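**Q** What shape does this take:
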Amino acid sequence: MKVVIELHTKQALNISINIDPKISFNIFLRGVIDTCFNQGAQAYYEEALEFYLDNGLNILPNDIRSLENLGFTNNCTFYFKNKFKNQKKIDNSRIYKVLVDLENKMIQLFVQQLQTTPVSFIFQDILVELIQIYKLDITFSFFFFINDIQVQPFDIRLMSDFQKNGGITIKLVIRKQQPNQDSIEKYQFAVNQCKQIKICQKKIIMIENDQMKMQFLTSTHISLQEIFEKIIWDLQIQDNIIQYQINNKKSFQLLNIQAINNFKFEIYKGNFWYVFKLIGDFNKKMQISGLIDGNNYVIEETMPINTSIMEFLKDVKFKLFGPKQNNYSEELIEQKDDHIELNYSMIKK
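**A** Next comes the predicted model:
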């Protein structure tokens with residue numbers, strides 16, 4: 001098997017090795033890393049790594065499936081990539097067209113999610129948008145279709161499993177029939193979500209500082225980090241001596257946080273640093289990745305900044321499995337400020 005190591009230097013490092021196809025991926029990976037580091041490449045690497053097979057499959061480092069089961073074949077190419085702090089990650093997200101058939105009219109909308117997202121998650125996003133934006137009261141049966149194939153509301157296959165050359169079209173058909181249990185559960189959960197999550201539409205918002213009588217115009221789709229980089233530049237403050245507080249809680253990471261509406265901030269100067277206190281409504285983008293019964297998944301989900309991680313993960317589990325959530329155990333592998341690695345396994349009875 002040919003292994004290609006990409007170091008993002010002027011010349012890529014290429015290594016060819018012979019390996020038992022029945023060996024588990026995590027053991028194989030450890031050997032590849034040791035080989036690369038022994039060749040003096042360690043200085044180029046950071047903790048976060050990405051691994052791809054030549055068929056486009058993204059593999060997580062803790063995957064215990066055999067190389068054979070993952071699709072490794074003789075003379076295939078395995079890509080081993082490091083992610084630098086200043087290196088932009090390839091955007092895995094896609095915009096999907098959704099047609100909603102209401103019998104007497106059609107609605108067209110668009111949802112954006114990662115290709116590695118289970119379809120049950122995307123179906124939930126569609127229902128939330130129909131309730132929040134279009135004010136639809138779906139009390140009847142509804143059926144989801146992907147490329148004209150009916151898919152169950154809590155299907156945990158990934159969007160990439162349905163990808164074809166012609167792209168993906170999602171269709172939601174609503175009919176005046178008695179709804180089944182899955183439809184009832186999924187719709188009720190969407191209603192509850194709408195009560196918890198404030199909608200964040202792209203719009204111009206005002207940021208105010210009453211102390212200095214300052215006002216800044218920006219947009220809701222811009223992260224707080226980008227916003228305050230500009231504000232700090234205008235105020236000529238060194239950003240390495242600033243601490244941020246959001247609604248009286250210390251925050252270290254602003255990159256994945258966005259404002260929902262106008263908000264205010266205050267500046268306090270201490271002996272060694274400035275404290276920026278932000279008051280308002282904010283959403284935080286989280287990434288959840290891991291394995292579902294041994295299969296890789298990656299999800300991007302937005303949560304109100306005041307939501308606890310336990311509440312957030314409880315909602316994630318229901319969006320994935322619905323009424324069958326108690327059939328799955330979960331194992332928290334790693335938790336960071338903006339990323340959670342979580343494995344799910346069906347409980348054997």
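
**Q** residue boundaries of the helices in the stretch 1-150 of the chain?
**A** Ranges of helices in the stretch 1-150 of the chain, per DSSP state H, counting those that start in this stretch, are 25-36, 67-70, 119-132.

**Q** got those as a markdown table, with mean pLDDT columns?
**A** Shown next, in a markdown table, are the helices of the stretch 1-150 of the chain (pLDDT from 0 to 100):
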| stretch | mean pLDDT |
| --- | --- |
| helix 25-36 | 75 |
| helix 67-70 | 85 |
| helix 119-132 | 89 |
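
**Q** Would you tell me which one of these is buried the most?
**A** helix 119-132 (a mean of 22; mean count of other Cβ atoms under 10 Å). (C-beta placed from N, C-alpha, C; glycine too.)

**Q** what sits up against that one?
**A** 96, 98, 100, 107, 109, 111, 113, 136, 138, 144, 146, 151, 153-159, 162, 170, 172, 186-187, 189-191, 193-194, 197, 199, 299, 301, 319-322 (Cβ atoms under 8 Å, 6 or more residues apart in numbering).

**Q** Beyond whichever strand or helix holds residue 184, next helix or strand please.
**A** According to DSSP states H and E, residue 184 maps onto helix 181-196. Beyond helix 181-196 in the direction of the C-terminus, DSSP H and E gives the next helix or strand as strand 204-209.

**Q** The following helix or strand past that next one pairs with which strands, parallel or anti?
**A** Downstream of strand 204-209, the first helix or strand assigned by DSSP H and E is strand 214-219. Sheet pairing for strand 214-219, assigned by DSSP bridges, gives strand 204-209 (antiparallel).

**Q** now the strands for the stretch 1-150 of the chain?
**A** Per DSSP state E, counting those that start in this stretch, the stretch 1-150 of the chain carries strands over the ranges 2-6, 13-16, 49-53, 77-82, 93-101, 106-114, 141-146, 149-151.

**Q** then whichever strand or helix holds residue 330 to PDB, C-alphas only?
**A** Following DSSP H and E, one finds residue 330 within strand 328-335. C-alpha atoms of strand 328-335 as PDB (Å, rounded to 0.1, in the frame of the first residue of the first chain):
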ATOM      1  CA  TYR A 328     -27.500   4.000  22.300                       C
ATOM      2  CA  SER A 329     -24.800   4.400  24.800                       C
ATOM      3  CA  GLU A 330     -22.400   7.400  24.600                       C
ATOM      4  CA  GLU A 331     -18.700   7.800  25.400                       C
ATOM      5  CA  LEU A 332     -17.200  11.300  25.700                       C
ATOM      6  CA  ILE A 333     -13.700  11.100  24.300                       C
ATOM      7  CA  GLU A 334     -12.700  14.800  24.400                       C
ATOM      8  CA  GLN A 335     -14.300  18.100  25.200                       C
END
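
**Q** buried stuff in the very next helix or strand once past it?
**A** Using DSSP H and E, the helix or strand that follows strand 328-335 in sequence is strand 339-346. Of the residues in strand 339-346, 340-344 count as buried by neighbour count, 16 or more other Cβ atoms under 10 Å.

**Q** I'd like those as a markdown table, with pLDDT and distance to residue 204 appended.
**A** Shown next, in a markdown table, are the buried residues of strand 339-346 (pLDDT from 0 to 100; distance: Cβ to Cβ, whole Å):
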| residue | pLDDT | distance to residue 204 |
| --- | --- | --- |
| 340 | 92 | 32 |
| 341 | 91 | 36 |
| 342 | 93 | 36 |
| 343 | 94 | 41 |
| 344 | 95 | 40 |
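
**Q** just to revisit the earlier point, in terms of secondary structure, what does the helix holding residue 184 contact?
**A** Where contact means 3 or more Cβ pairs under 8 Å, 6 or more residues apart in numbering; DSSP states H and E, helix 181-196 is packed against helix 119-132, strand 141-146, helix 309-321.

**Q** Give me the below-cutoff pLDDT ranges for the protein.
**A** Within the chain, the segments meeting pLDDT under 70 span 1-15, 33-49, 54-56, 80-92, 164-167, 197-202, 238-240, 252.

**Q** Kindly report the domain assignment for it.
**A** For the chain, automatic domain parsing gives the domain ranges 2-82, 93-196, 204-280.

**Q** which of these is buried the deepest?
**A** Note that of the domains of the chain, domain 93-196 is the most buried (mean count of other Cβ under 10 Å), with a mean of 16.
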